[in-house]
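A.B. asks: Only the shape, not the letters, is given here:
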């Protein structure tokens with residue numbers, strides 16, 4: 001296994017039934033990411049007249065759930081909703097959570113890089129989904145993403161910037177934990193944007209900033225373990241690690257409450 005594949009393989013291994021408890025612990029805090037995205041745009045207008053969507057790296061379906069909960073989408077007409085993820089577990093989880101106007105359609109248990117050419121959709125989106133794309137394959141992934149948008153269609157990517165919690169925290173992990181330097185870094189919003197532009201897309205960018213946090217150490221540990229796709233490292237071990245411990249100390253208040261600073265780029269194609 002090459003180092004450029006390690007992070008992708010670690011991510012995929014945790015999107016499984018064995019990783020369900022860790023996934024659910026993560027979403028105690030991370031569900032807020034998707035609510036922010038649902039509230040960040042006029043989705044009823046953006047989706048009006050659209051009849052097909054491809055959800056890239058669909059995870060457990062938190063974005064469509066947030067849209068149907070917070071965005072005020074009408075239940076009709078239905079929008080055919082294709083799910084793409086290299087994890088069959090994720091595809092099944094996301095499919096089970098779709099509600100009108102989203103109607104489950106085709107399933108693609110592949111990476112974005114392996115999406116067959118020729119498939120096109122009115123909407124293609126990837127929300128907090130592209131962190132583990134191997135660096136050497138990011139250009140191809142961007143080409144597949146852009147190529148899947150039908151003429152006149154909409155593309156949308158939400159991704160943490162290099163300053164946002166998910167990318168910065170993983171960098172501290174790589175720098176502070178034995179063997180971390182051999183892992184590929186997470187892909188930042190800046191890298192995704194540049195790859196999309198390189199694939200010929202006209203990209204408009206916005207940013208949102210928000211915080212999440214908890215005083216419950218068990219909640220913090222579950223969230224942070226999933227951020228790293230490493231459930232072997234306790235919160236105490238994270239706090240004691242070089243670099244990683246300093247990073248976490250900057251997130252911890254005098255009362256022990258953890259506050260995580262998020263910055264996400266919204267990329268519109």
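C.D. replies: Received the coordinates, thanks. All figures in this text were calculated on a predicted structure; none of them were measured in a lab.

A.B. asks: From here on, just use CA atoms for contacts and neighbour counts.
C.D. replies: OK.

A.B. asks: Strands along the stretch 1-150 of the chain, start to end?
C.D. replies: In chain order, the stretch 1-150 of the chain shows strands spanning 52-56, 79-84, 102-108, 121-127, 149-160, with DSSP state E, counting those that start in this stretch as the criterion.

A.B. asks: What pairs with the fourth one, parallel or antiparallel?
C.D. replies: With DSSP bridges as the criterion, the sheet partners recorded for strand 121-127 are strand 52-56 (parallel), strand 149-160 (parallel).

A.B. asks: Tell me which residues are up against the shortest one.
C.D. replies: Outside of strand 52-56, the residues that reach it under the criterion CA atoms under 8 Å, 6 or more residues apart in numbering are 79-85, 112, 121-127, 129.

A.B. asks: before we move on, back to that, highest mean neighbour count across the strands paired with strand 121-127, which stretch is it?
C.D. replies: Across these, averaging neighbours per residue (mean count of other CA atoms under 10 Å) puts strand 52-56 on top, at a mean of 25.

A.B. asks: I'd like the average pLDDT over that strand.
C.D. replies: The predicted model assigns strand 52-56 a mean pLDDT of 98.

A.B. asks: Next, the angle from it to strand 102-108.
C.D. replies: Angle, strand 52-56 to strand 102-108, by axes from the mean of the first three to the mean of the last three CA atoms, to 10 degrees: 60 degrees.

A.B. asks: just to revisit the earlier point, would JSON lines of the strands paired with strand 121-127 with distance to residue 40 be doable?
C.D. replies: JSON lines is the format used below for the strands paired with strand 121-127 (distance: least, CA to CA, whole Å):
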{"stretch": "strand 52-56", "distance to residue 40": "18"}
{"stretch": "strand 149-160", "distance to residue 40": "11"}
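
A.B. asks: Out of these, flag the one nearest residue 201.
C.D. replies: For these, the distance to residue 201 is smallest for strand 149-160, at 9.4 Å, taking CA to CA.

A.B. asks: What lies in contact with the closest one?
C.D. replies: In contact with strand 149-160 (CA under 8 Å, 6+ apart) are residues 37, 120-131, 146, 166-167, 188-189, 262-269.

A.B. asks: Adding distance to residue 242, write the strands of the stretch 1-150 of the chain out as TSV.
C.D. replies: Shown next, in TSV, are the strands of the stretch 1-150 of the chain (distance: least, CA to CA, whole Å):
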stretch	distance to residue 242
strand 52-56	35
strand 79-84	37
strand 102-108	41
strand 121-127	31
strand 149-160	24
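
A.B. asks: Figure out which of those strands is closest to residue 206.
C.D. replies: Closest approach to residue 206 among the strands of the stretch 1-150 of the chain is made by strand 149-160 (9.6 Å; CA to CA).

A.B. asks: Please report how far residue 129 lies from residue 193.
C.D. replies: Going from residue 129 to residue 193 by CA to CA, to the nearest Å gives 14 Å.

A.B. asks: Which one of the two is surrounded by more residues?
C.D. replies: The neighbour comparison of residue 129 against residue 193 (other CA atoms under 10 Å) goes to residue 193, with 23 against 19.

A.B. asks: Please, which helix or strand holds the more buried one?
C.D. replies: helix 189-198 (DSSP states H and E).

A.B. asks: Can you name the element that comes right after that helix?
C.D. replies: Next along the chain after helix 189-198, taking DSSP H and E as the criterion, comes strand 204-214.

A.B. asks: Much appreciated, bye for now.
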